[in-house]
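Asks: Just a sequence and a predicted model for now, questions to come.
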Amino acid sequence: MELVLRVADVRYLRLDRSERSLLYDHDPELGWFPIPNLVSKFTGLRGISANREISVQNNSIGLRDIEHDDAPIETILVLGDSFVWGYDVEADERLTSFLRKQLPDKRIVNAGVSGYGTDQEYLLLRRLWGRFKPDIVVLIVYYNDHLENASNSRYDGTYKPYFVWSGQAGEFRGIPVPKSRHYYFRNNPLAERSLLVRLVISAYVALRHPAIEVPDATEQLVGRMRDLVEGRGARFVVGELDGGSLVPFLRSENIPYVSLNELTDREDLRYPVEGGLGHWTPAGHAVAGAAILRLLRESGALAPTTSVSHN
């Protein structure tokens, strides 16, 4: 059986080389979370990224960000997935670094985590609130968030929490989040060497924790996040990168937003990948950062005089 599996080279049984396995660890509430104080190099997978090696350095709480102090200054916290985390770009090339240069008197927190859906971002915001007490929360919504918010399993069988909305209420389920088969692959010496052991592990995990699909609750999650932020006296804005599908909801709820969809088809702003365009280039991050800055000004979240030009 081992020989047959090795000859077949079944993709399902290969060791995961994504950032979720190399740079993150299992988190019982969020599914996965970056390893605190990690310093590493990372090259994205072929067909997903531009294969550019980047440096990854996480702070003491696990964010790919600078170490923040406790100075009582206005804080802007940015939530999102791999676009905010900075797939294929260095830390100082991201949209949050652009904002930090333009707003030197503010604390800019990059709370992006690759692969997260809006459900995980809500839970992460709740976890980080006591640490940062943000004055402004910026949420970046990408089109695949709608898929991620409708399942308990994404990215080749990695488990996550999920949110179920019913009528006028909703609840998070799937917590504590089960460990994925990839977790056991990399933490079991036998699984590292044997495809047969990986097959047995995969079968057990799939039977013990089957994949679950639920209705997409992206709108409800965004509304719930707005209520959390504004209920604590802060401002909430959205950067929309999902083709405009969320716009009617944002308008009906009077949630300030800016469309980032102009970045979608511009080859100078996104890295080429097999079959299309991938993550933002440094120039793309600068364009996104400028759009977020305009949104903060025009929505009244920031006074017009708080930004500083570094051109």
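Replies: Thanks, I have the structure now. Remember, predicted model here, so these are calculated numbers, not experimental data.

Asks: Nearest spatial neighbour of Ser202, chain-adjacent residues omitted?
Replies: Leaving aside its chain neighbours, Ser202 sits nearest to Arg181 (4.7 Å; criterion: CB to CB, 6 or more residues apart in numbering). All C-beta spots, glycine's among them, are computed from the backbone N, C-alpha and C.

Asks: how close does Glu29 get to Ile175?
Replies: 6 Å (CB to CB, to the nearest Å).

Asks: Find the residues that touch each one of the two.
Replies: Common neighbours of Glu29 and Ile175 (criterion: CB atoms under 8 Å, 6 or more residues apart in numbering): Pro161.

Asks: Name the residues linked to the closest residue to Arg294 other than its chain neighbours by a beta bridge.
Replies: Distances taken as CB to CB, 6+ apart place Val258 nearest to Arg294, at 6.8 Å, with adjacent residues excluded. Val258 has the following beta-bridge partners by DSSP bridges: Gly239.

Asks: For Val258, list the residues it contacts.
Replies: Counted by CB under 8 Å, 6+ apart, Val258 has contacts Val237, Val238, Gly239, Glu240, Ala291, Ile292, Arg294, Leu295.

Asks: cool, Ser194 as well?
Replies: If you count contacts by CB under 8 Å, 6+ apart, Ser194 has them with Glu2.

Asks: where's it relative to Leu13, distance?
Replies: Here the distance between Ser194 and Leu13 works out to 10 Å (CB to CB).

Asks: repeat for Val84
Replies: Taking CB to CB, one finds Val84 at 32 Å from Leu13.

Asks: And those two? Which one has more around it.
Replies: Using other CB atoms under 10 Å as the criterion, Val84 and Leu13 rank with Val84 on top: 28 against 20.

Asks: Leaving out the residues flanking it, which one is nearest to that one?
Replies: Leaving aside its sequence neighbours, Val84 sits nearest to Gly112 (CB to CB, 6+ apart; 2.8 Å).

Asks: which helix is the longest one in the chain?
Replies: When the chain is parsed with DSSP state H, its longest helix is helix 282-298.

Asks: then it to CSV, C-alphas only?
Replies: The C-alpha trace of helix 282-298 is given here as CSV (Å, rounded to 0.1, in the frame of the first residue of the first chain):
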residue,chain,number,x,y,z
PRO,A,282,3.7,46.9,-3.5
ALA,A,283,2.2,49.4,-6.0
GLY,A,284,-1.2,47.8,-5.4
HIS,A,285,-0.8,48.1,-1.7
ALA,A,286,0.0,51.8,-2.1
VAL,A,287,-3.2,52.3,-4.2
ALA,A,288,-5.3,50.4,-1.6
GLY,A,289,-3.8,52.4,1.2
ALA,A,290,-4.5,55.7,-0.5
ALA,A,291,-8.1,54.6,-1.1
ILE,A,292,-8.5,53.6,2.6
LEU,A,293,-7.0,57.0,3.6
ARG,A,294,-9.5,58.8,1.5
LEU,A,295,-12.3,56.8,3.0
LEU,A,296,-11.2,57.6,6.5
ARG,A,297,-11.2,61.3,5.7
GLU,A,298,-14.4,61.5,3.7
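
Asks: Return the distance of the lowest-mean-pLDDT helix or strand in the chain from the chain's centre.
Replies: Using mean pLDDT, DSSP states H and E, helix 19-22 stands out as the lowest-scoring helix or strand of the chain, at a mean of 81. Computed by CA atoms, centre = their mean, to the nearest Å, the chain-centroid distance of helix 19-22 equals 13 Å.

Asks: Look at Val177 and say how many residues are nearby.
Replies: Count around Val177 with other CB under 10 Å applied: 22.

Asks: tell me the SS of it?
Replies: Three-state call for Val177 (DSSP: H, G, I helix; E, B strand; the rest coil): coil.

Asks: What backbone torsions are found at it?
Replies: phi -70, psi 130 (degrees, to the nearest 10).

Asks: re earlier: do you know how far the residue nearest to Ser202 is from Ile73?
Replies: Distance of Arg181 to Ile73, computed by CB to CB: 44 Å.

Asks: How about the residue at minimal distance from the centre of the chain, nearest residue that isn't a chain neighbour?
Replies: For the chain, Asp81 is the residue whose C-alpha lies nearest the centre (CA atoms, centre = their mean; 2.0 Å). Excluding the flanking residues, the one nearest Asp81 by CB to CB, 6+ apart is Tyr116, at 5.0 Å.

Asks: try Asp265
Replies: Per CB to CB, 6+ apart, closest to Asp265 is Leu277, 7.2 Å.

Asks: Quick check: beta-bridge partners of that neighbour?
Replies: Beta bridges link Leu277 to Pro272, judged by DSSP bridges.
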